[in-house]
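Visitor: Predicted coordinates and the sequence they were generated for:
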Amino acid sequence: MIELEAVSKLYRTGPIKVHALSAVDLTIDEGDFVAIMGPSGSGKSTMMNVLGCLDVPTSGKYMLNGIDVSKLRENRLAEIRNRQIGFVFQSFNLIARTSAARNVELPLIYAGVGRRSRRARARAALERVGLGDRQNHMPNELSGGQQQRVAIARALVTDPAMILADEPTGNLDSASTVEIMRLLVELNETGRTVVLITHENEVAGFAKRVIELRDGKIVRDVSNGVGSGVG
Ligand code: ADP
Ligand code: ADP
């Protein structure tokens, strides 16, 4: 479903050029659970931005479900983000003073879904993440782990092809981290593709496949404990 072909991202700051991604080839199949790791500055955020259609590569091709998204304009990219990708962030990004249910409904408002259907789908998504009894709670009335569950429900509610999670456990204690990772594993096991960015080995251990970036290149791609060094 995801195919990167010689994808590069070049940043120019005055006379300095940085290849944040350098001719990356990567295939992620439907139903996979991939953790992207690497030290600070290795290109993880750039990879997240490209995979999430938040940014386009300088060169190369990005095929997402048969569409070459590397050359699309912002309005088409926004459409693809809304329909195909569920985002989960380190800082939850929930709207304050807005109930869990209303937060989860938000992507459906953008998608033009009617009010009754929105309500029902938000309720079901919150039930799916174990928060059926927290529909009307405000974010500040929920624990960090619960807030991240709301964010995951919001990511699920449009039924996206892929969940893209950027350091989803970065603000959580270890108990909530395990809880959130188990939820992502469960969502993956019921058919969703998950791509996770993390710098924590314990978190990456929940994935089926671990990719390591260094200086904008994939230097390791390990599947089910069987390693294959690249470059
Ligand atoms: P990571 O998320 O692994 O820390 P990034 O993708 O943020 O890595 O950065 C990769 C490289 O690209 C770094 O050298 C960084 O300084 C550079 N970089 C990232 N974003 C920009 C930008 N907007 N302008 C210039 N350089 C950037
Ligand atoms: P299973 O694979 O175990 O059947 P599902 O994830 O398909 O679990 O669904 C479990 C519940 O969550 C169902 O009630 C379903 O309606 C609801 N649900 C699943 N995905 C979504 C979604 N994207 N939006 C709203 N509700 C959902």
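Guide: Happy to help now that I have it. Numbering: from 1, shown residues only. Ligands and ions are numbered 1, 2, ... in the order given.
Visitor: What residues sit buried inside stretch 81-88?
Guide: Residues 81-82, 84-88 are the ones in stretch 81-88 that count as buried (16 or more other Cβ atoms under 10 Å). In short, each C-beta sits where N, CA and C put it, glycine included.
Visitor: ok, now stretch 153-160?
Guide: Those would be 153-158, 160, for stretch 153-160 by 16+ other Cβ under 10 Å.
Visitor: Also stretch 203-211?
Guide: Residues 203-204, 206-207, 209-211 are the ones in stretch 203-211 that count as buried (16+ other Cβ under 10 Å).
Visitor: what mean pLDDT does that stretch have?
Guide: Here stretch 203-211 scores 96 as its mean pLDDT.
Visitor: ok, now stretch 29-44?
Guide: Mean pLDDT, computed over stretch 29-44, is 96.
Visitor: And for stretch 92-101?
Guide: On average, the pLDDT along stretch 92-101 is 97.
Visitor: quick one: buried residues of it?
Guide: 92, 94, 99-101.
Visitor: All the helices of this protein, residue numbers only.
Guide: Per DSSP state H, the chain carries helices over the ranges 44-51, 74-84, 100-110, 115-128, 144-156, 174-189, 201-204.
Visitor: Dump those helices to CSV, plus distance to ligand 2.
Guide: CSV is the format used below for those (distance: least, Cβ to the nearest ligand atom, whole Å):
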stretch, distance to ligand 2
helix 44-51, 20
helix 74-84, 12
helix 100-110, 9
helix 115-128, 3
helix 144-156, 4
helix 174-189, 7
helix 201-204, 22
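Visitor: Pick out the shakiest of the ones you listed, pLDDT-wise.
Guide: Among the helices of the chain, helix 74-84 carries the lowest mean pLDDT (a mean of 91).
Visitor: Show me what it packs onto, helices and strands only.
Guide: With contacts defined as 3 or more Cβ pairs under 8 Å, 6 or more residues apart in numbering; DSSP states H and E, helix 74-84 has no helix or strand neighbours.
Visitor: what's in contact with it?
Guide: The contact list for helix 74-84 (Cβ atoms under 8 Å, 6 or more residues apart in numbering) reads 52-54, 56, 64-65, 67, 69, 72, 87, 107, 110-111, 158, 160-162.
Visitor: Quick check: ChimeraX command selecting the buried ones in these.
Guide: Selection of the buried residues among the contacts of helix 74-84 in ChimeraX, burial being defined by 16+ other Cβ under 10 Å:
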select :52,53,54,56,64,69,72,87,107,158,160,161,162
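Visitor: List just the nearest of the buried residues of stretch 153-160 to residue 166.
Guide: residue 155 (11.3 Å; Cβ to Cβ).
Visitor: which residue sits closest to that closest one, ignoring its sequence neighbours?
Guide: Closest residue in space to residue 155, ignoring its immediate chain neighbours: residue 86 at 3.0 Å, by Cβ to Cβ, 6 or more residues apart in numbering.
Visitor: and the gap between the residue positioned nearest the centre of the chain and residue 81?
Guide: Centrality entry for the chain: nearest residue to the mean C-alpha point is residue 164, 1.0 Å, by Cα atoms, centre = their mean. Per Cβ to Cβ, to the nearest Å, residue 164 is found 9 Å from residue 81.
Visitor: what do you get for residue 25?
Guide: The gap separating residue 25 from residue 81 is 23 Å, by Cβ to Cβ.
Visitor: mind listing what the closest residue to residue 69 other than its chain neighbours touches?
Guide: With sequence-adjacent residues excluded and distances taken as Cβ to Cβ, 6+ apart, residue 69 is closest to residue 62, at 5.2 Å. For residue 62, the contacting residues are 2-5, 7, 50-51, 56, 68-70, by Cβ under 8 Å, 6+ apart.
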